[in-house]
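A.B. asks: sharing a model that was predicted from the sequence below.
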Amino acid sequence: MTRRARRHLDPASDRTVFLNQFLLSAVAILGLVVVLILRTYENLGLLIAGGAVAFLATGAALIVPWNRLPVLAMAIIPASDILAIALVREGAPSGSFGLLWVFPAMWAAWAFGKIGTTVSVVAISLVYWGFTLAHPRTPITGSLLLLPIMIAAAATISYIMAERARGQRDLLEQQATALRQAVARAARQQDLLAGVLEAVDFGIIRIEPDGRQTVANEAHARLAAATSAAPGGAYLADGLTPLEPERMPLARALAGEEFDSELLWFGAPGEQRRALSVTAKQLRRDDGEPAGALIVTRDVTSEMLAIRARDDLVATVSHELRNPLTALLGYLELGLDDPGVPDGSRHSFEVAQRNAERLLVLVTDILAASSAAPNGTAIAITPAPMDLVAAARTAIESAAPLAETRGVSIELKGMSRVPTFADEVRVRQILDNLLSNAVKYGRDGGRVEVVCAIADGTAVLEVQDDGAGIAAQDLPQLFERFYRADTVRKTATHGYGLGLAISRQIARSHGGDLVASNAPTGGAAFRLTLPSEAPIES
């Protein structure tokens, strides 16, 4: 009872108590006026006493601050009403004032729940029976139960309706609490998102399908201001081809396109320029309808300038190496042409000439790699019919001294002959690089397998070691120029990260490819594919 009644102890309790009492008092006063006018009362004193008690209860309902009193204090009002109605009924038995007992019974059921319903019905029944049976001539019939039953029914209905109202109010309070918590979480998340957007150094904008920008951080505003001030407009990744307005990132995103890390230059060549990497992702609603796009812009000017400076340095150094190598080869040829050179010296000259030629090829490739676009340009090749197995066997013989120093065995498997249409010198360059890497990065005392085969009309060569393999994060970048994995940089093995990049360029220049993976049994595996025959000219 206390818990239920306490729900009504709020600033509105005073008004609720008064309104309930005022309704009862209004009906009672109206009945008293009618009885007095018609003079149908039997005992004026009891009639006036009952009216006085009802009047005092109404005054108390109006004046007393019920929300500050204990819960049971409100029981005074319905108790006073029960007594007042009993007095008025005794004063005017024919006035049917007993029906007014419905009001305090319903009020008690509403305010105090089951206990209030039970107590009020029992109290009214006892009062009714007590005053009725006090008259000696009153017959005891079934009609004595009718009024208590009616009052009990009314009180029960009031209790049920009150419980439903309380349940609905509790549900509304829970929903309101959940809504307030959701609003607070949304506000916190919005503050967090705003903080993150302002903290990052790349621009982020959200555009609606109609082109409105609903989200934009400060970094985007800075980049937009810088690029709009750059003279000469926008250019593609090569920095020379102008970008049409309809191919601008915002226009393409509004057209429904998606792209990832596209490089654009802003500013005319020779001027102060900015390079931006732009990514666009389309957004969808739950029903699949377009919800706009998200565009992320990053300033990569420093990175691109650093790459260009690195390539310029490599190209300059390689060019300076090429001239003395050319002169060295010329003098070696003169020495070999001299018939007076002893056979032992001639053999040494031939070894020096072969290595100088290979070194010259490597320097030329470095020049090509450093001057090429990021996706790599084709390397000049002179393809001709050759045997891939023979080239692999020669490469294995060349790698044997290095393999012996680490106790690595190299085994050639597969077909005995694999016809290929390729540049033998370039293919040897690829094989030398793959075998050298397998020996250097495999384990001491390990084994390297070289398998030659023909698959779907394509010549295939696979080189697999039994070392630690390639880290998953290194695989996507393994063929990038100058890239070296973290595990390799921490070792004493020297390198410049060009061998695999050049090898893939050579393979693709032939119309083939070079891919890397981790073998199921462990270790790194490289698969080289080359055309098995000359292309048919149209």
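C.D. replies: Cool, the structure landed.

A.B. asks: how about the helices in the stretch 151-300 of the chain?
C.D. replies: Using DSSP state H, counting those that start in this stretch, the helices of the stretch 151-300 of the chain run over residues 218-229, 249-254.

A.B. asks: quick one: closest of those to Gly512.
C.D. replies: helix 249-254 (33.6 Å; CB to CB). Backbone N, C-alpha and C define where each C-beta goes, glycine included.

A.B. asks: can I get the closest one as PDB, trimmed to CA atoms?
C.D. replies: Taking Å, rounded to 0.1, in the frame of the first residue of the first chain, the C-alpha atoms of helix 249-254 are listed here in PDB:
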ATOM      1  CA  PRO A 249      35.700  14.100 -56.800                       C
ATOM      2  CA  LEU A 250      32.500  15.800 -55.600                       C
ATOM      3  CA  ALA A 251      30.700  15.500 -59.000                       C
ATOM      4  CA  ARG A 252      31.700  11.900 -59.300                       C
ATOM      5  CA  ALA A 253      30.500  11.100 -55.800                       C
ATOM      6  CA  LEU A 254      27.200  12.700 -56.500                       C
END
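
A.B. asks: hmm, who's touching it?
C.D. replies: 207, 209, 211, 245-246, 259, 262, 264, 278, 280, 282, 293, 295, 297 (CB atoms under 8 Å, 6 or more residues apart in numbering).

A.B. asks: now those residues: which count as buried?
C.D. replies: Among the contacts of helix 249-254, those buried by neighbour count (16 or more other CB atoms under 10 Å) are Ile207, Leu264, Val278, Ala280, Ala293, Ile295, Thr297.

A.B. asks: pull out the buried positions in stretch 433-451.
C.D. replies: Using 16+ other CB under 10 Å as the test for burial, stretch 433-451 gives 433-442, 446-451.

A.B. asks: and these, which is closest to Trp66?
C.D. replies: Taking CB to CB as the measure, Trp66 lies nearest Tyr441 of those, at 87.6 Å.

A.B. asks: if I look at Tyr441, how far off is Ala403?
C.D. replies: 13 Å (CB to CB, to the nearest Å).

A.B. asks: please enumerate the helices of the stretch 301-450 of the chain.
C.D. replies: Using DSSP H, counting those that start in this stretch, the helices of the stretch 301-450 of the chain run over residues 301-337, 343-371, 388-406, 424-441.

A.B. asks: for Leu145, find the nearest of these.
C.D. replies: Among the helices of the stretch 301-450 of the chain, helix 301-337 sits nearest to Leu145 (CB to CB), with 96.5 Å.

A.B. asks: still on that earlier bit, in strands, which of the contacts of helix 249-254 fall?
C.D. replies: Among the contacts of helix 249-254, the ones falling in strands (DSSP state E) are Ile207, Phe259, Glu262, Leu264, Val278, Ala280, Gln282, Ala293, Ile295, Thr297.

A.B. asks: identify the farthest-apart pair in those.
C.D. replies: Leu264 and Gln282 (19.3 Å).

A.B. asks: okay, now Ile307: neighbour count?
C.D. replies: By other CB atoms under 10 Å, the residues close to Ile307 number 16.

A.B. asks: going forward, the N-terminal residue is numbered 44.
C.D. replies: Done: numbering now begins at 44, and the last item shifts to Ile350.

A.B. asks: who touches stretch 316-333?
C.D. replies: Contacts for stretch 316-333 (CB under 8 Å, 6+ apart): 249, 252, 266, 269-270, 273, 282, 292, 295-296, 299-310, 334-344, 346-348.
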